[in-house]
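Q: got a predicted model here, sequence first, then my questions.
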Amino acid sequence: DYERGFEDGLLQIITGGGGAALDGWCTDFDHVTVMTSQYHHVQITATDEEMRVDAVNTDGELIDHVLLRADQPGVIADELVPENP
């Protein structure tokens, strides 16, 4: 599954959608705000100014993304929450 949460100023992502059996029964931590049980990969793009994390399913669809900016540490600048996790 894919899980994302934010706690104590830290972005936390669990990504386990690479081919084993999917875990769809629960989220692992109380601070998780995004959870989806589907096969996926995560792509990270980083510059000196920002870091973007994209979760993409096997159909090439964006299931979640997060943008973190260096000038705003600890703040998610932009996020897309999946409609049907």
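A: Noted; the coordinates are in hand.
Q: show me the shaky parts of this structure.
A: By pLDDT under 70, the weakly predicted segments of the chain are 23-28, 78-85.
Q: can you show me the helices along it?
A: With DSSP state H, there are no helices along the chain.
Q: can you show me the strands along it?
A: 2-7, 10-15, 32-36, 40-46, 50-57, 62-69, 76-80 (DSSP state E).
Q: return the set of buried residues in the second one.
A: In other words, strand 10-15. Buried residues in strand 10-15, counting neighbours by 16 or more other C-beta atoms under 10 Å, are found at 13-14. For the C-beta atoms, the positions are set from N, CA and C on the backbone; glycine is no exception.
Q: that one to strand 62-69, inter-axis angle?
A: Orientation check (axes from the mean of the first three to the mean of the last three C-alpha atoms, to 10 degrees): strand 10-15 against strand 62-69 gives 150 degrees.
Q: what's strand 10-15 packed up against?
A: Counting contacts by 3 or more C-beta pairs under 8 Å, 6 or more residues apart in numbering; DSSP states H and E, strand 10-15 packs against strand 2-7, strand 40-46, strand 50-57.
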